[in-house]
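J.: turn this into a structure:
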Amino acid sequence: MRWAGQQLDAEAPGALPGLGSIAGLVRSVTTPEFRDVTFHEVVARSALNSVPGGGLPFNWTVNPYRGCTHACRYCFARPTHKYLELDQGLDFDRQIVVKTNVADVLRRELARPSWGHEQVALGTNTDPYQRAEGRYQLMPGIINALASSGTPLSVLTKGTLLRRDLDLLVSAATEVAVGIGVSLALGDEELRRRLEPGVPSVRGRLELIRAVSEAGLPCGVMVAPVLPWLTDSADQLDHLFGELADAGATGVTTLVLHLRPGVKDWFMAWLADDHPELVGRYESLYARGSNAAPSYRTAFEQKVRPLLDKHGFGRRSHHRKKPNPFNAADAAGGGGGA
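T.: Numbers count the residues shown, from 1 in each chain. Got it, this is the predicted structure:
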């Protein structure tokens, strides 16, 4: 989300430190439906974000929200909250920035003669179908704007709220290419509650995959992050891939946990509380950077490849049914929307 092009007329009363200087802030809102969560509503002058570097299969994204109530301890996007002078821990989970006019701005940008109708990805930073979407309902306008302009789109989400817009996405797919990706890495519901407390249940997301598939849309699944010594055993992965195949997933991508600075501290604090016996092993595994040691990643690839083949998700036939323009592996390091 680019803040430089937005404008502010006055500081919102009671704004948190730093938020009063964010261009476009209109008001800060709390509601009994979202305990301990504050929504910071902004009016933006830009919606499309250019992706730097050219290393991804898309060059443009739209992010209607900043921060995420999924509260995943490993979310790669957490450091972005530092730009708002908010912390990347609880503030990321509870101080949610909402671009209330994003659909209208997007329509204007897509109508420009210079727009090249390239694919636009949703859910590459924070989840567009997090719980806040139930309140603000920004996605229908975004989907309509993209489809009506002839712009292909992809969505990566952990949010079962996508089912609300499934008919709309099916309709959009008659006009443009539409890719759906669901993030589901933790098959253990108890671990999911401790590590992803705001994310819908495992069963709910399996049902979402089934609904997307039955609606005729391709549905890739991002099994990310895979957590060393917690969710990486052959038996665990075999069981999860089987459930994904039964639900109708058209592709599976696996990514080992990525711990960039800031995120690493937040995740390791959780690990020390929940699995103190693993702290030393993780410190050694991630001693040289954000990625797990090469030896671990090589061994993991050797383990996971035959399991993907077994369930029809082999790399040479990544999508078992319809081609999916959304390749979850290239989205953004295991968040998705994280």
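
J.: for the nearest residue to residue 162 once chain neighbours are set aside, give me its contacts.
T.: Spatially, and ignoring its direct neighbours in sequence, residue 162 is nearest to residue 129 (4.9 Å; C-beta to C-beta, 6 or more residues apart in numbering). No exception for glycine: its C-beta is placed from N, CA and C like everyone else's. With contact set as C-beta atoms under 8 Å, 6 or more residues apart in numbering, residue 129 has these partners: 123, 139, 155, 157-162.

J.: below-threshold pLDDT in the stretch 201-338 of the chain: ranges please.
T.: Across the stretch 201-338 of the chain, the ranges flagged by pLDDT under 70 are 315-338.

J.: so which residues of it form helices?
T.: Using DSSP state H, counting those that start in this stretch, the helices of the stretch 201-338 of the chain run over 202-214, 234-247, 263-274, 279-285, 294-310.

J.: need those in TSV (columns: mean neighbour count and distance to residue 32).
T.: Below are these laid out as TSV (neighbours: other C-beta atoms under 10 Å; distance: least, C-beta to C-beta, whole Å):
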stretch	mean neighbour count	distance to residue 32
helix 202-214	19	23
helix 234-247	17	34
helix 263-274	16	27
helix 279-285	14	38
helix 294-310	14	44
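
J.: wait, which of those helices is closest to residue 119?
T.: When the helices of the stretch 201-338 of the chain are compared by C-beta to C-beta, helix 202-214 sits nearest residue 119, at 18.3 Å.

J.: give me the angle between that closest one and helix 234-247.
T.: Here helix 202-214 runs at an angle of 40 degrees relative to helix 234-247 (axes from the mean of the first three to the mean of the last three C-alpha atoms, to 10 degrees).

J.: list buried residues within the contacts of residue 129.
T.: Restricting the contacts of residue 129 to buried positions leaves 123, 139, 155, 157-162, with burial counted as 16 or more other C-beta atoms under 10 Å.

J.: between these, which is closest to residue 103?
T.: Distances from residue 103 to those, taken by C-beta to C-beta, are shortest for residue 139, at 8.6 Å.

J.: got CSV for the contacts of residue 129, with secondary structure and pLDDT too?
T.: Putting the contacts of residue 129 into CSV (DSSP: H, G, I helix; E, B strand; the rest coil; pLDDT from 0 to 100) gives the following:
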residue, secondary structure, pLDDT
123, coil, 93
139, helix, 98
155, strand, 97
157, strand, 97
158, coil, 97
159, coil, 96
160, helix, 97
161, helix, 97
162, helix, 98
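
J.: coming back round to it: got the buried ones among the contacts of residue 129 as a markdown table, with distance to residue 172 columns?
T.: Converted to a markdown table, the buried ones among the contacts of residue 129 look like this (distance: C-beta to C-beta, whole Å):
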| residue | distance to residue 172 |
| --- | --- |
| 123 | 15 |
| 139 | 11 |
| 155 | 10 |
| 157 | 15 |
| 158 | 21 |
| 159 | 18 |
| 160 | 19 |
| 161 | 17 |
| 162 | 13 |
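
J.: now, among those, which is nearest to residue 310?
T.: Closest approach between the buried ones among the contacts of residue 129 and residue 310, by C-beta to C-beta: residue 158, at 25.2 Å.

J.: state the distance from the closest one to residue 182.
T.: For residue 158, the distance to residue 182 equals 7 Å [C-beta to C-beta, to the nearest Å].

J.: anything in contact with each of those two?
T.: Residues touching both residue 158 and residue 182 (C-beta under 8 Å, 6+ apart): residue 205.

J.: and the residue nearest to residue 74 when sequence neighbours are not counted, what does it touch?
T.: Excluding its sequence neighbours, the residue lying closest to residue 74 (C-beta to C-beta, 6+ apart) is residue 267, at 5.1 Å. By C-beta under 8 Å, 6+ apart, residue 267 lies in contact with 73-74, 257, 259.

J.: and if we set it to 6 Å?
T.: Counting by C-beta atoms under 6 Å, 6 or more residues apart in numbering, residue 267 makes contact with 73-74, 259.

J.: swap in residue 61?
T.: Residue 61 sits next to 49, 121, 124 when contact means C-beta under 6 Å, 6+ apart.

J.: the residues you listed in helices, which ones?
T.: Using DSSP state H, no member of the contacts of residue 61 sits in helices.

J.: pLDDT weak spots in the stretch 1-150 of the chain?
T.: Within the stretch 1-150 of the chain, the stretches with pLDDT under 70 are 1-23, 54-55.

J.: now the strands for it?
T.: 25-30, 38-42, 48-50, 60-62, 65-66, 95-99, 120-122 (DSSP state E, counting those that start in this stretch).

J.: deepest-packed of those strands, please.
T.: strand 120-122 (a mean of 26; mean count of other C-beta atoms under 10 Å).
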